[in-house]
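In: what follows is a predicted protein model with its sequence.
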Amino acid sequence: MQEIVIWNNRLTEDNKMPARNFLSEDQVKRLQNELRTSELGHVRERVLILLLQNTGKTQPEIAEFIGCSPRTVAYWSLHGDPNNLESLHNKREEEHHRKATPEYIQKLMETTEKDPSELGYEFGRWTTERLSTYLEKETGIKISSSQIRRILKAKKYSYIWGKYSLEDKQDVAKRVAFKKRLAIHLGLAKEDPKYIQIWFWDESGFSMRVIRRKNWGKKGKRKHLTGQRRKGHINVMGCIRESDRKRICFFVKKGNGDIFYEQLHQLVENLKQEWIEQGNAPEDFKKVKIVIVLDNASYHKRKDVIQKVKSDLPNIVLEFLPPYSPDLNIIELVWHSCKEYIAHRLFKSTDELKELLNKLLNEGELIIKWNRKIKNKGNNYDIAT
């Protein structure tokens with residue numbers, strides 16, 4: 001009882017300043033322990049205000065020392081009770097945070113890592129509102145969605161876009177076998193680059209619709225993109241040589257087996273011309289082996305197309321990628337880099353778009369970072385793993 005009286009009268013009548021050593025030894029120990037152990041910065045600040053008062057420092061001196069406002073010091077000098085450390089906490093913490101027991105937080109972490117479908121829900125992603133509702137049913141503890149958001153942020157979680165992944169559909173054994181075959185091809189090509197070439201083949205489309213990408217801007221202000229949408233689409237069949245990253249791309253009306261064969265034939269003609277320009281005899285070109293790495297599109301594997309390639313284009317060897325493995329095709333980086341380059345641009349016509357694509361894809365104006373990961377394609381391109 002005597003402690004409470006002393007505490008309530010700790011401000012002297014003459015100058016309303018705290019009396020030096022107004023705290024008892026037990027009170028000082030409790031406050032010092034709270035200062036060492038509390039994870040809440042605002043609680044430690046309020047404890048420090050009381051401890052500095054106990055040394056006889058004035059409120060302006062305390063405010064300057066801590067780096068807070070004199071008003072904050074004045075408030076907690078009056079309302080902070082060293083006999084009740086809960087008085088130093090916010091009411092919001094008393095209502096919500098203390099209800100989030102360690103068991104509840106652990107359950108929250110486990111639930112966040114699970115797909116909602118595993119727990120019988122039809123929605124595809126967790127929001128803090130859904131987490132709050134689910135955990136209340138499971139634990140009987142009701143916590144607001146905003147408090148769950150604070151807990152997740154404290155645990156280094158952030159609300160970000162998910163990435164597409166094909167890894168759950170991939171056959172690991174087939175990927176390993178393919179990488180071994182590819183490694184053999186690459187080894188032979190390195191030993192004899194004149195007669196063995198490795199090319200990666202794929203198709204892509206480029207639309208007149210404006211592609212949106214992230215860009216730099218002042219915080220709080222988004223850059224506005226044109227809302228115009230124009231009809232038009234350009235299809236590209238292309239390939240890239242592994243040894244020197246030489247690219248050859250063809251603009252086509254659509255993708256089908258016949259057009260695919262025509263472009264393979266054109267590729268062989270281009271490479272034969274390159275062979276002759278290098279001073280080699282035309283008749284020796286038949287000794288050159290051209291390995292084409294490509295995906296499993298249905299028209300790539302049409303029986304009549306495969307047969308025509310074998311009979312008419314003997315230089316070519318088709319090496320098909322494992323299913324759902326575009327990450328093993330380095331030309332994906334070409335498409336990604338090209339679309340990144342033309343992002344945010346509005347083209348007046350398909351001719352204008354085609355002209356720029358030709359400069360980027362065939363004339364070497366596109367700069368590509370080859371060590372980057374292929375976004376949304378599962379794994380990184382690495383034939384050694």
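Out: Alright, I've got the coordinates. Residues are numbered from 1 along each chain as shown.
In: show me what the strand or helix carrying Cys249 pairs with in its sheet, parallel or antiparallel.
Out: According to DSSP states H and E, Cys249 maps onto strand 247-252. In the sheet containing strand 247-252, its partner strands are strand 233-241 (antiparallel), by DSSP bridges.
In: I'd like the average pLDDT over the strand it pairs with.
Out: The average pLDDT for strand 233-241 rounds to 95.
In: residues in contact with it?
Out: 197-208, 246-255, 259-260, 263, 267, 292, 330-331, 334, 350, 353-354, 357, 361 (CB atoms under 8 Å, 6 or more residues apart in numbering). Any C-beta I mention is one placed from the backbone N, CA and C, and that applies to glycine too.
In: buried set for it?
Out: Buried residues in strand 233-241, defined by neighbour count with 16 or more other CB atoms under 10 Å: 234, 236-241.
In: just the closest of the residues you listed to Thr101, please.
Out: Thr101 has its nearest neighbour among the buried residues of strand 233-241 in Ile240, at 56.4 Å by CB to CB.
In: which neighbouring elements make contact with the host helix or strand of Lys180?
Out: Take DSSP H and E as the rule and Lys180 turns out to sit in helix 172-191. The elements that helix 172-191 packs onto, with contact taken as 3 or more CB pairs under 8 Å, 6 or more residues apart in numbering; DSSP states H and E, are strand 196-207, strand 289-294, strand 316-320.
In: for Leu23, find the nearest of these.
Out: That would be strand 196-207 among the helices and strands packed on helix 172-191, by CB to CB, at 72.3 Å.
In: that closest one pairs with which strands?
Out: According to DSSP bridges, strand 196-207 has the following sheet partners: strand 233-241 (antiparallel), strand 289-294 (parallel).
In: quick one, helices of this protein?
Out: With helices called from DSSP state H, the chain shows them at 2-8, 25-37, 41-54, 59-66, 70-79, 91-95, 102-113, 128-139, 145-154, 172-191, 257-277, 303-312, 331-341, 350-361.
In: tilt between the helix holding Lys180 and strand 316-320?
Out: Interaxial angle, helix 172-191 versus strand 316-320 (axes from the mean of the first three to the mean of the last three CA atoms, to 10 degrees): 150 degrees.
In: residues contacting helix 172-191, please?
Out: Contacts of helix 172-191 (CB under 8 Å, 6+ apart): 196-198, 242-243, 291, 293, 319, 321-323, 325, 328, 383-385.
In: state the mean pLDDT of that helix.
Out: For helix 172-191, the mean pLDDT works out to 95.
In: and it, which residues are buried?
Out: Residues of helix 172-191 classed as buried by neighbour count (16+ other CB under 10 Å): 175, 178-179, 182, 185-186, 189.
In: again, but for stretch 344-358
Out: Residues 347, 350, 353-354, 356-357 are the ones in stretch 344-358 that count as buried (16+ other CB under 10 Å).
In: run the chain-centre distance for that stretch.
Out: Offset of stretch 344-358 from its chain centre (CA atoms, centre = their mean, to the nearest Å): 29 Å.
In: and that stretch, average pLDDT?
Out: Mean predicted lDDT for stretch 344-358 stands at 90.
In: how long is it from one end to the other?
Out: 19 Å (CA to CA, to the nearest Å).
In: and what of stretch 327-336?
Out: By CA to CA, the extent of stretch 327-336 from end to end equals 12 Å.
In: how far off centre is that stretch?
Out: 18 Å.
In: domains of this structure?
Out: Following automatic domain parsing, the chain resolves into domains at 2-89, 97-154, 167-211+225-361.
In: ok so, going back, and which of the buried residues of strand 233-241 is nearest Asp26?
Out: Asp26 has its nearest neighbour among those in Ile240, at 76.2 Å by CB to CB.
In: for Lys359, see how far away that closest one is.
Out: Distance, Ile240 to Lys359, by CB to CB, to the nearest Å: 16 Å.
In: can you give the distance of stretch 138-156 from its chain's centre?
Out: Computed by CA atoms, centre = their mean, the chain-centroid distance of stretch 138-156 equals 24 Å.
In: do stretch 343-357 as well
Out: How far stretch 343-357 lies from its chain's middle: 28 Å, per CA atoms, centre = their mean.
In: how long is it end to end?
Out: End-to-end distance of stretch 343-357 (CA to CA): 12 Å.
In: over to stretch 111-123?
Out: 14 Å.
In: can you list contacts of it?
Out: Stretch 111-123 is contacted by residues 124-126, 130-131, 134-135, 152, 157 when judged by CB under 8 Å, 6+ apart.
In: neighbours around the residue lying closest to Lys301 once chain neighbours are set aside, how many?
Out: Excluding the flanking residues, the one nearest Lys301 by CB to CB, 6 or more residues apart in numbering is Phe320, at 7.3 Å. Phe320 has 15 neighbouring residues, counting by other CB atoms under 10 Å.
In: quick check: bridge partners of Phe320?
Out: Going by DSSP bridges, Phe320 forms beta bridges with Leu294.
In: that one against Asn296, yeah?
Out: Yes - Phe320 lies in contact with Asn296 (CB atoms under 8 Å); the separation is 5.7 Å.
In: contact partners for the residue nearest to Ile234 when sequence neighbours are not counted?
Out: Closest residue to Ile234 apart from its sequence neighbours, by CB to CB, 6+ apart: Phe206 at 4.8 Å. Contact analysis of Phe206 by CB under 8 Å, 6+ apart lists 233-234, 236, 338-339, 342, 353, 357.
In: one more time with 7 Å
Out: 234, 236, 353, 357 (CB atoms under 7 Å, 6 or more residues apart in numbering).
In: kindly report the same for Lys246.
Out: Remark: with contacts taken as CB under 7 Å, 6+ apart, Lys246 is in contact with Ile240.
In: buried stuff in stretch 273-292?
Out: 275, 285, 288-292.
In: and which of those residues is nearest Gln147?
Out: Using CB to CB, Ile292 comes nearest to Gln147 of those, at 57.1 Å.
In: doesn't Phe320 make contact with that closest one?
Out: No - Ile292 lies out of contact with Phe320 (CB atoms under 7 Å); the separation is 9.3 Å.
In: check Glu122 and give its pLDDT.
Out: Per-residue pLDDT puts Glu122 at 76.
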